[in-house]
Structure formats: structure tokens, C-alpha cells
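1. Got a sequence here, can you model it:
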Amino acid sequence: MRQIYFLLMSNMQDADAVVAEVEEKIGFFERHLNELPDMLLALGVRVVMAMVVFAIGTRVIAFLRKIVKKALAKSSASKEAEQFLDSAIKALLYVILIFMILQLFGVQAASIATVIGSVGVTVALAIQGSLTNCIGGILILTLKPFKVGDYIVEDTYKNEGVVREITIFYTKLFTYDNKMILVPNGTLANCSLTNVTDATERRVDLTVGISYDSDIRQARSVVERLAAQHPLVLKDRDVSVYVDSLGDSSVVLGIRFWAKKENIWKARCEMLENIKYAFDEEGIRIPFNQLDVHLM
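-> Model prediction:
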């Protein structure tokens, strides 16, 4: 009987412990359920404050960028420096704005710095490309291999176009058919490129074929006269007309003259057209490929 009594008492104590544990858990959930409205209200207030801070911050950033642009314009800074500094200031101000918003949610700047420091290697590897592009942009602004408005050809990936903007990470190129190409600054700083429009004057090379029956001296005289009369051909530069090669069905004449960089395409097209009309008037034949079939 005594053993049964102790067994019942032990079971009752275990049951009391279970009941106490269950009551404790119920009380824990009740406390949190009671605190939930206050927590949601506090979270909602912080979200609204974050939205207000973001809205005000974006306007302040736009205002500060406008002030900096005006200051740079008055300081006679180059267009490339204005664009690069504007993009750099924009990135820096948005980082500061994000830190301010995170602090509204209880995240301290010291904690963020500690986390970044603890994973510094990972962060450095993650932003390695961005840092390379940023340094590349600084090198472009310092060495000035090209400027806004130049037409460049990047030799590695064969991207080409007119430089419209040099930002902190990328350079924007626009092709002749108005397509935009974003080229990383690191690529432009570490590869060879051709600046097509850096010089104010450029040489135009043409080739025109005449038949073997035509007079080479007459053709040369006609081309030299056309070059002397054309308003876009520079008169203080030499005009060369020479035999470039002897082809299968024509004598190929090489023609070289100089024009301003903004006039090279117009001068090229007009000279070719004028040569065709003048050769027709002078009886100088321009041969074309033909096939003679002999029937036996």
C-alpha cells in the first residue's frame, strides 16, 4: 500500500509540473498576444517614418546634386568631371540615406560597421568589379583618352559609339542608329581603344577602278580637279591620286584627301558621286564584273 501511495503521489507531482509548464506557456503566448497590437503599431509608425525620410531624403539629394552641378559649371570643370562627380555624390548620399532609414528600425551604424568588418573579405570580393570600374573612371578623367562627344572604338569587344556620359561605374556610348551601349570603365581603362574624332582633321581614302582602255593620266587629272573644287576638301593638305593596284578587270586608283572630322562622311559620299558623273562625261569607263560565254 505504501508503494502504491508513493507512486500516486509521484504521478500527481508530475501532473502538477506538466500543468504548471502548460500554464506558463499559455501565459507567455497571452503576454505576446497582448503586446502584438503595440508592436504592430510601433512597426507601422517606423515604416511611415522611413517612407517620409526616404521621400524627403531623395528631394534633398536632388537639391544638393543641383547645387554641386551649378558650382562645377561655374568652376569651368570639364563635362566628364561633372558627370563623374555627380554620380559619385549620388551614390554616397543614397548610402547615407539607407543608413538613416536602418537606424529608424533599431539598427545602429556601429552594428552595421561591425558586420561589414567581419565579412570584409566577402564584401571586397563582391564589389571588386565595381571598385575596378570606379578606379577606371578616375583614370579616364585623369588621363583623358577621350571626352564627351568623341567617337571611340573599344578594341576588346568592338563596342563603338559617341561618348554621351561618363559615370562612376560605366561610360555611355550611343551608336549612329541611337542605340545605347554601357561599357564598364574598367574595360575602357585596361584595353586599347581608338579615338576616331580626337583630331580635328582626318584623311579620307577612296579607291575607284577604271578600265584598262581608259587613260590613267586623264582620270588622275579629273579627280584632282574635283578635289580642288569641292568645298569640304581641305586645300592646305595634299591630294594624292595614284595607281593602287592592277586588278583582274580594272586599274584601281587610290585617292587620298583631307577633311574636317565633322565633314568626312559627307565629303566621301559627294566625291564618289562627283567622280562617277565626271568619268561618264569624260568617257572614262568604270568596269564591272561580266562573264563572256563562247558557244562552239
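
2. From here on, just use CA atoms for contacts and neighbour counts.
-> OK.

3. Helix, strand, or coil at residue 178?
-> Secondary structure, DSSP: H, G, I helix; E, B strand; the rest coil: residue 178 is coil.

4. Kindly list the main-chain dihedrals of it?
-> With angles defined as degrees, to the nearest 10, residue 178 sits at phi 70, psi 40.

5. okay, now residue 134: neighbour count?
-> Applying other Cα atoms under 10 Å, we find 21 other residues in the vicinity of residue 134.

6. For the helix or strand hosting it, give me every contacting residue.
-> Following DSSP states H and E, one finds residue 134 within helix 128-143. Residues outside helix 128-143 that contact it (Cα atoms under 8 Å, 6 or more residues apart in numbering): 80-81, 84, 146, 166-170, 184-190.

7. and if we set it to 6 Å?
-> By Cα atoms under 6 Å, 6 or more residues apart in numbering, the residues outside helix 128-143 that reach it are 168, 169, 184, 185, 186, 189.

8. Please flag which of those residues sit within helices.
-> Among the contacts of helix 128-143, the members found in helices (DSSP state H) are 185, 186, 189.

9. among these, which ones are buried?
-> When these are checked for burial by 16 or more other Cα atoms under 10 Å, the buried set is 185, 186, 189.

10. In CSV: the residues you listed, plus distance to residue 206.
-> Below are those laid out as CSV (distance: Cα to Cα, whole Å):
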residue, distance to residue 206
185, 35
186, 36
189, 33
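
11. Return the member of those nearest to residue 250.
-> The shortest approach to residue 250 among those belongs to residue 189, at 45.3 Å (Cα to Cα).

12. Could I get the contacting residues of the closest one?
-> Taking Cα under 6 Å, 6+ apart, we find residue 189 in contact with residue 136.

13. Kindly report the same for residue 214.
-> residue 284.

14. Go again with 7 Å.
-> Shown in contact with residue 214 (Cα atoms under 7 Å, 6 or more residues apart in numbering): 284, 285.

15. That one should be in a helix, yeah?
-> No: counting by three-state DSSP, residue 214 is located in no helix; its state is coil.

16. Could I get the pLDDT score of it?
-> Per-residue pLDDT puts residue 214 at 94.

17. and if you look at residue 23?
-> Here, the pLDDT recorded for residue 23 equals 56.

18. And for the one 3 residues further on?
-> At residue 26 the predicted local distance difference test score is 59.

19. Which stretches in the stretch 51-200 of the chain count as helices?
-> For the stretch 51-200 of the chain, the helices defined by DSSP state H, counting those that start in this stretch cover 79-104, 109-118, 120-126, 128-143, 185-189.

20. Output the ones you listed in a markdown table, with distance to residue 267 appended to each entry.
-> Output for those, formatted as a markdown table (distance: least, Cα to Cα, whole Å):
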| stretch | distance to residue 267 |
| --- | --- |
| helix 79-104 | 30 |
| helix 109-118 | 59 |
| helix 120-126 | 50 |
| helix 128-143 | 32 |
| helix 185-189 | 31 |
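
21. got the contact list for residue 217?
-> Listed by Cα under 7 Å, 6+ apart, the contact set of residue 217 is empty.

22. Now tell me which helix or strand of the protein has the poorest mean pLDDT.
-> One helix or strand of the chain scores below all others by mean pLDDT, DSSP states H and E: helix 120-126, with a mean of 55.
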